[in-house]
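Trainee: show me the folded form of this:
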Amino acid sequence: MYYKLAVFDFDGTLTNKDSFLEFIKFTRGKWRFLTGFLIFSPIIIAYKLKLIPNWKAKEIVFAYFFKGTSLQQFDTWGQAFAAELEKMIRPKAYGKVIEHQHNTDEIVIVSASIENWIRPWANKMGISNLLATSLEIDKEGLLTGKFLTKNCFGQEKVNRILQAYPERDNYFLEAYGDSSGDRELLAFANKGWYRHFE
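Mentor: Got it, this is the predicted structure:
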């Protein structure tokens, strides 16, 4: 049966801020956040100059702040962070999600951010389909600082959609994004919206 798939990028599309940065501030405090990014400014510059890939820069920063944290603690932070995410959701984007739900379209969030802090908000919204970056956990239940999946960015967003929804001829894909990391997704969609909610 032919149906509509509504795919939303998260950071900058549904939200007006980068949830990765906001999650670090929320869990580690403003001063440790600023100190960390001062330490890693060469890494950030190297990424901006395209000397290292997006995923590598992100993983290095993530490991600095969260390596050795228990998964239980991390998920607890993710649950608490949902209230902060509420404040970052763009009103027009929220309205569009509700519209797609009323139309009984299948809604998917596809994001380079970590699934552990997006899922509590998505669940509250009744969105069960989340394709995001997963974390590697060691035998003791601690975060290794590495990503278990490829960073869900660029072509990887298309790859993840096709893994979850391989029968491409069975659905009309409407996608929403806001950055270069969404370019491939928007080109792949039947209808792509760029910065539609700003």
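Trainee: using PDB, write down the CA coordinates of stretch 9-24.
Mentor: The C-alpha trace of stretch 9-24 is given here as PDB (Å, rounded to 0.1, in the frame of the first residue of the first chain):
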ATOM      1  CA  ASP A   9      16.100  16.200  10.600                       C
ATOM      2  CA  PHE A  10      16.300  17.100  14.300                       C
ATOM      3  CA  ASP A  11      19.000  19.800  15.100                       C
ATOM      4  CA  GLY A  12      18.200  23.100  13.400                       C
ATOM      5  CA  THR A  13      15.100  21.700  11.700                       C
ATOM      6  CA  LEU A  14      12.800  20.700  14.600                       C
ATOM      7  CA  THR A  15      15.000  22.600  17.100                       C
ATOM      8  CA  ASN A  16      16.400  26.100  17.000                       C
ATOM      9  CA  LYS A  17      19.600  25.000  18.700                       C
ATOM     10  CA  ASP A  18      22.100  22.200  18.400                       C
ATOM     11  CA  SER A  19      21.000  19.600  21.000                       C
ATOM     12  CA  PHE A  20      24.500  18.100  21.200                       C
ATOM     13  CA  LEU A  21      25.900  21.300  22.500                       C
ATOM     14  CA  GLU A  22      22.900  22.000  24.800                       C
ATOM     15  CA  PHE A  23      23.100  18.400  26.200                       C
ATOM     16  CA  ILE A  24      26.700  18.900  27.200                       C
END
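Trainee: what ranges in the chain fall below the confidence cut-off?
Mentor: 47-50 (pLDDT under 70).
Trainee: and the helices in it?
Mentor: 19-28, 30-39, 41-48, 54-66, 71-88, 91-102, 115-124, 155-164, 183-188 (DSSP state H).
Trainee: the third one vs helix 30-39, what angle?
Mentor: Using axes from the mean of the first three to the mean of the last three Cα atoms, to 10 degrees, the interaxial angle of helix 41-48 with respect to helix 30-39 works out to 60 degrees.
Trainee: which residues sit against helix 41-48?
Mentor: With contact meaning Cβ atoms under 8 Å, 6 or more residues apart in numbering, helix 41-48 is reached by 37, 52-54, 56-57, 60-61. From N, CA and C alone the C-beta is placed, and that goes for glycine too.
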